[in-house]
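Peer 1: Give me the fold of what follows.
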Amino acid sequence: MNTGRDRLAIGTYGNINTARTPSGSVRAEARFRDWDGEVRAVTSTGPTATAAKTRLREKLARRSTATGFGTALSPDSTVAQLAAVWLEDVAIRTDLAPTTKDLYAREVNGLVLPHLANLRLREVTVGRVDHYIKRQATISYAHGKHSRRIVSMMFNFALRQDAVHLNPVAGAARLVAPKRKPKALTYAQIEQVRHAVRTWRTGESVPGPPPDGQLRDVIEVMLGTSDRIGEALALRKCDIDDSRVGAGLPMRVSVSGTLVVVKGKGVYRQEFPKSDNSRRTLEVPEFSAEVIRARLTKIEKEPDEHLLFFTRNGTPLAPNNVRRTLRNILAGAGLSHLEVTPHAFRRTAGTAIARASDAKTAAEVLGNTEEVAQRHYIAPEDPKPHTAPAIHLASFAPGRVAT
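Peer 2: The predicted structure follows:
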């Protein structure tokens, strides 16, 4: 027969005892089992036994919600509370870029909290999550995909805090990605875009200062390097190697960073690109090299770290401003139907390289895996027509006499 005391559950306490102290106050004491499994005595004092017990219970309540890891989560916590604690954990992680942290915060506030904020963690079932993700996917596949990812990360964190016993996203149905073929611009379409950008706001009656030509130059650089817009805008004087021009060899451009926009910090150059594969050195065609040389002439007296593209104040060009300007120019030229974005130039460059060589080479230049390059950047070739079936099917023509 076991005559020992029943073992306290973690986060709970035993009987509260009181005793008068030599000074005349009352001390209340209870045994509390901490989150590390140790049982410790917790005390509090007051002028009366009731006051001492009240203060002790308040102290124990605070202690019972502290896990020792700076969190206070339980199955009765709300999704809003989980989000706040998770974002605090994200903020102190050293393996995440500032842009990633900013993205997670935006997705939590824009995708998750408007729909799940007031649910208790124990109420977030597989069925509810499945319905939520499918509803988000009716807006767009990307909407549903990002919603699923962010909720899954939040509940994996809750699992590590022992606030839930399973991640409900694991049981939700998978989203099926729509089949989309990458689209590259034709040479005729590229020339239309070039003309629209070159002639934008060049009339005599156009008020304000004329365009500085940077958007035109950015397009030529992106077509010749296959860079992302942030990578092209992050190019510096020191990233260009034109020392081999005398030997008839192409200019080399090193991609070693990208422009990012972080809330509270604005636009700045991040000292590394999107991924490890994105860090690369490229040989560029002469049409892009000519544009880059002209940009270098403009900053000839500037330090080596100076950007090729910059505002009138010398600050980095915001990628979103470049996108918006391009969109407005094309709309004014009646070319909105082409659906041209800066990424279209990257797809066009990747497709041209694949046509001239192969998908593997294109992927290396793009800084992607071959699978990603095939899926997102290399436009499929039009299938060649087959004439033989038409000859055989001619036997089905009406009026033909059977043999």
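
Peer 1: Can you give me the neighbour number for Arg293?
Peer 2: Close neighbours of Arg293, defined as other C-beta atoms under 10 Å, add up to 13. For glycine as for every other residue, the C-beta is placed from the backbone atoms N, C-alpha and C.

Peer 1: That one: what's it in contact with?
Peer 2: 242, 251 (C-beta atoms under 8 Å, 6 or more residues apart in numbering).

Peer 1: That one falls within a helix, correct?
Peer 2: Yes: when DSSP: H, G, I helix; E, B strand; the rest coil is applied, Arg293 is found to be in a helix.

Peer 1: Give me the pLDDT for it.
Peer 2: Listed pLDDT for Arg293 reads 95.

Peer 1: same deal with Ser64?
Peer 2: 64.

Peer 1: Over to Phe69?
Peer 2: Here the pLDDT value assigned to Phe69 is 44.

Peer 1: Where does pLDDT dip in the protein?
Peer 2: 1-6, 64-72, 383-397, 399-403 (pLDDT under 70).

Peer 1: what's the domain layout of it?
Peer 2: As given by automatic domain parsing, the domain ranges for the chain are 17-65, 79-171, 187-200+212-376.

Peer 1: Now do the phi/psi pair for Gly266.
Peer 2: Note on Gly266: backbone dihedrals following degrees, to the nearest 10 are phi 80, psi -150.

Peer 1: To clarify, my last question referred to Thr18.
Peer 2: Backbone torsions for Thr18, taken as degrees, to the nearest 10, come to phi -130, psi 150.

Peer 1: Tell me which residues are up against the longest helix anywhere in the chain.
Peer 2: Taking DSSP state H as the criterion, the chain has its longest helix at helix 141-160. Contacts to helix 141-160, defined as C-beta under 8 Å, 6+ apart, come from residues 73, 79, 82-83, 85-86, 89, 104, 107-108, 111-112, 116, 121, 124, 129, 132-134, 136-138, 164-170, 172, 175, 177-178.

Peer 1: Would you map the helices across the stretch 301-403 of the chain?
Peer 2: 319-332, 342-356, 359-366, 370-376, 388-393 (DSSP state H, counting those that start in this stretch).

Peer 1: In the second one, which residues are buried?
Peer 2: Read it as helix 342-356. Residues 342, 344-354 are the ones in helix 342-356 that count as buried (16 or more other C-beta atoms under 10 Å).

Peer 1: could you dump these to TSV with distance to Val218?
Peer 2: Shown next, in TSV, are these (distance: C-beta to C-beta, whole Å):
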residue	distance to Val218
Pro342	8
Ala344	13
Phe345	9
Arg346	12
Arg347	16
Thr348	14
Ala349	13
Gly350	17
Thr351	19
Ala352	18
Ile353	19
Ala354	23
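
Peer 1: Identify the residue nearest Ala105 in space, chain neighbours excluded?
Peer 2: What sits nearest to Ala105 in space, not counting adjacent residues and going by C-beta to C-beta, 6 or more residues apart in numbering, is Leu87, at 5.8 Å.

Peer 1: List the residues that contact the one you found.
Peer 2: Leu87 neighbours (C-beta under 8 Å, 6+ apart): 104-105, 108.

Peer 1: Tell me which of the helices of the stretch 301-403 of the chain approaches Ala234 most closely.
Peer 2: Among the helices of the stretch 301-403 of the chain, helix 319-332 comes nearest to Ala234, with 9.6 Å by C-beta to C-beta.
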